[in-house]
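Novice: take a look and give me a structure for this.
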Amino acid sequence: MNFSKYKKSIIACVLALGIGVGGGYYFFGNPVTHQTTVKEQTKQTKPITDTRNTYVVQAAKESGPAVVGITTQVFQKDIFNRTIYAGEGVGSGVLIDNDGHIVTNNHVVAGAKNGEVTVSLSNGSTVTGTVIGTDAQTDLAVVKINPPKDIQPIKIGDSDSLQVGEPAIAIGNPLGLEFKGSVTSGVISALARTIDDQGQRFPLIQTDAAINPGNSGGALINADGELIGINSSKISKEGVEGMGFAIPINSAMTVVDSIIKNGKVVRPYIGVWAVDRQTAARNNVNYEGEGLLIVQLDANGPAAQAGLVEGDTIAQVDGKDISTLLELKEQIDAKSPGDTVLVSYTHNGKMKSTRLKLGQATSK
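Specialist: So this is what the prediction gives:
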C-alpha cells in the first residue's frame, strides 16, 4: 500500500490535540458587560427533614467547600505588536490537600501572566495562586495557594470502581463566579469513553450531570462526596444535551502527582505517529489492518532505533493486542522511561518482534 501521498493529512490529524467538543471555560472581555447578580439564600428557618436531606445535599455539603473559582487574565497582541489586556477567563478548580494544591484544567490557566491566577475560595475570599505545572496532553494543571486556616480539601475517590448508572454530582462555576458553587446531579452515563482518538490520553467518564462554560476543572463527585473526576468538556452541538465528560481521578492523580513533585509530567516515549483503521478511513487511506499503521517515526526515537519503519503495523505490546492509538498510549503510559517493552509488528507482511527501551518525554 502506498500511503505517502496521504501522509501530510494523516499526520496533521494525528498531531491535532483539540477534542472537538465544547470546553467549560468561560471568557468575558474588557470591558465586562456581564452584570447578572445572584444572591445566595442560606437562611434556614427549620431543620431539614430526612426526605429533603438527600445524598446530593450531603455530598454537596461535604465537598462543595473544596471547589474554587480560578480567574485568569488574558492578554493578546494588537496590530502594533503591543501586549494588551483582552479580558478574563473563569474556570473551576478542586482543592485536593492541606498544602493548598488545586487541580484544574490546563486550558483554564493557559496564558496566565507570570504564572499567576486569582483563586476565589468558597468562604468568599480571594487569594493569588501560582501555576506550578501544566500538561497539555491531558488538559490538567496544578495551582498552589497558601492554605487558609479553615482549609477543607476534598476526599479523593476511586474512579476505577465506578458503575454505570450510579449517581454523579458536578460542582463548579458555570458562566462565571456569579453562579459559583453550582451543583448539578445526574448519573454515570458510560465509562472509558473515547471522544478524540488522536489527542486523548486516557478514557473519559461520561455523565448527564449538567456541565457548562465555567465548569472546567471543577469536581465530579459520587454519592459519598468523593472526587471521582475532573470536569473537562461537553458535546457542544445543537440538539445534543446531557453529554458531559470528566477525567477519571485515578488517571488524573498520576499526572497531578508528577506535576507536584517535578513541576512537569515525565512520561515514557516510544517515538511513533500512527493511525488505526478508522482514522485511516477518514483520510481516504486504504488500510484494513487490525493494528496501528506507522506513518512517521522519530529517527532518533526508541521505535526507529529498534528497527521499525514507516508502513509497519504495530500489533501487540507486551503480548496485549493493540488496535487503537488510545490502547497504545495506555500500554506505554503504564511503563516508566528506561523500561523495556516487547513490540510485535508486521513488516512487509511478515510478523516480527523486537524489544525496545522507552525514552523520556516531558510536558512543557
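Novice: make it CA atoms for all contacts and neighbour counts henceforth
Specialist: Fine.
Novice: below-threshold pLDDT in this structure: ranges please.
Specialist: 1-45, 74-76, 83-88, 175-179, 196-201, 233-242, 363-364 (pLDDT under 70).
Novice: and the helices in it?
Specialist: Under the criterion DSSP state H, the chain contains helices at 7-15, 55-63, 106-109, 249-262, 277-282, 302-305, 325-333.
Novice: among those, which is the most enclosed?
Specialist: Of all the helices of the chain, helix 106-109 has the most neighbours on average by mean count of other C-alpha atoms under 10 Å, namely a mean of 26.
Novice: give the other helices and strands that that helix contacts.
Specialist: strand 67-77, strand 83-95, strand 126-135, strand 140-144 (3 or more C-alpha pairs under 8 Å, 6 or more residues apart in numbering; DSSP states H and E).
Novice: and the closest residue to residue 170 other than its chain neighbours, how far is that from residue 54?
Specialist: Nearest residue to residue 170, sequence neighbours excluded (C-alpha to C-alpha, 6 or more residues apart in numbering): residue 220, at 4.5 Å. Applying C-alpha to C-alpha, to the nearest Å, the value for residue 220 to residue 54 is 17 Å.
Novice: more neighbours: those two, which one.
Specialist: residue 220 (32 against 12; other C-alpha atoms under 10 Å).
Novice: next up, the contacts around that one.
Specialist: Residues near residue 220 by C-alpha atoms under 8 Å, 6 or more residues apart in numbering: 168-171, 227-231, 246.
Novice: how about those in JSON lines, adding distance to residue 343 and neighbour count?
Specialist: Shown next, in JSON lines, are the contacts of residue 220 (distance: C-alpha to C-alpha, whole Å; neighbours: other C-alpha atoms under 10 Å):
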{"residue": "168", "distance to residue 343": "39", "neighbour count": "26"}
{"residue": "169", "distance to residue 343": "41", "neighbour count": "27"}
{"residue": "170", "distance to residue 343": "41", "neighbour count": "30"}
{"residue": "171", "distance to residue 343": "43", "neighbour count": "33"}
{"residue": "227", "distance to residue 343": "36", "neighbour count": "26"}
{"residue": "228", "distance to residue 343": "33", "neighbour count": "27"}
{"residue": "229", "distance to residue 343": "32", "neighbour count": "29"}
{"residue": "230", "distance to residue 343": "33", "neighbour count": "30"}
{"residue": "231", "distance to residue 343": "35", "neighbour count": "33"}
{"residue": "246", "distance to residue 343": "31", "neighbour count": "26"}
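Novice: show me which of the residues you listed is closest to residue 65.
Specialist: residue 171 (10.0 Å; C-alpha to C-alpha).
Novice: is that closest one in contact with residue 181, as I believe?
Specialist: Yes - using C-alpha atoms under 8 Å, residue 171 is in contact with residue 181, at 5.9 Å.
Novice: before we move on, back to that, for the helices and strands packed on helix 106-109, which one sits closest to residue 157?
Specialist: The nearest among the helices and strands packed on helix 106-109, by C-alpha to C-alpha, is strand 83-95 at 13.2 Å.
Novice: tell me how far residue 212 lies from residue 165.
Specialist: 21 Å.
Novice: those two: who's more crowded?
Specialist: Between residue 212 and residue 165, counted using other C-alpha under 10 Å, the more crowded position is residue 212 (23 against 12).
Novice: please report how far the more buried one lies from residue 184.
Specialist: With C-alpha to C-alpha as the criterion, residue 212 and residue 184 are 10 Å apart.
Novice: over to residue 319?
Specialist: 43 Å.
Novice: so these two - more neighbours on which side?
Specialist: Legend: neighbour count by other C-alpha under 10 Å for residue 319 and residue 184, higher for residue 184 (17 against 11).
Novice: closest one of the contacts of residue 220 to residue 353?
Specialist: residue 246 (36.6 Å).
Novice: check contacts around the closest residue in space to the closest one that isn't next to it in sequence.
Specialist: Leaving aside its chain neighbours, residue 246 sits nearest to residue 231 (4.2 Å; criterion: C-alpha to C-alpha, 6+ apart). The contact partners of residue 231, taken as C-alpha under 8 Å, 6+ apart, are 24, 170, 211, 215-220, 244-247.
Novice: return the subset of those residues lying in strands.
Specialist: Mapping those onto strands (DSSP state E) picks out 170, 219-220, 244-247.
Novice: so which of these comes closest to residue 127?
Specialist: The closest of these, once distances to residue 127 are taken by C-alpha to C-alpha, is residue 219, at 19.9 Å.
Novice: quick check: residue 91 touching residue 214?
Specialist: Yes - using C-alpha under 8 Å, residue 91 makes contact with residue 214 at a distance of 4.4 Å.
Novice: neighbour count winner among the two?
Specialist: residue 91 (32 against 28).
Novice: show me what contacts residue 68?
Specialist: Going by C-alpha under 8 Å, 6+ apart, the list of residues near residue 68 reads 92-95, 119-122, 172, 181, 218.
Novice: so what's residue 321 closest to, chain neighbours aside?
Specialist: Residue 321's closest residue in space is residue 315 (C-alpha to C-alpha, 6+ apart), at 5.9 Å.
Novice: could you check how far residue 245 is from residue 130?
Specialist: Where residue 130 is concerned, residue 245 sits at a distance of 26 Å (C-alpha to C-alpha).
Novice: residue 79 now?
Specialist: 30 Å.
Novice: which of the two has more neighbours?
Specialist: Applying other C-alpha under 10 Å to residue 79 and residue 130 shows that residue 130 carries more neighbours, namely 20 against 6.
Novice: for the closest residue in space to that one that isn't next to it in sequence, what are its contacts?
Specialist: When the adjacent residues along the chain are set aside, residue 130 lies closest to residue 116, with 4.8 Å between them (C-alpha to C-alpha, 6+ apart). Residue 116 sits next to 72, 128-131 when contact means C-alpha under 8 Å, 6+ apart.
Novice: since that was my last question, I'll sign off now.
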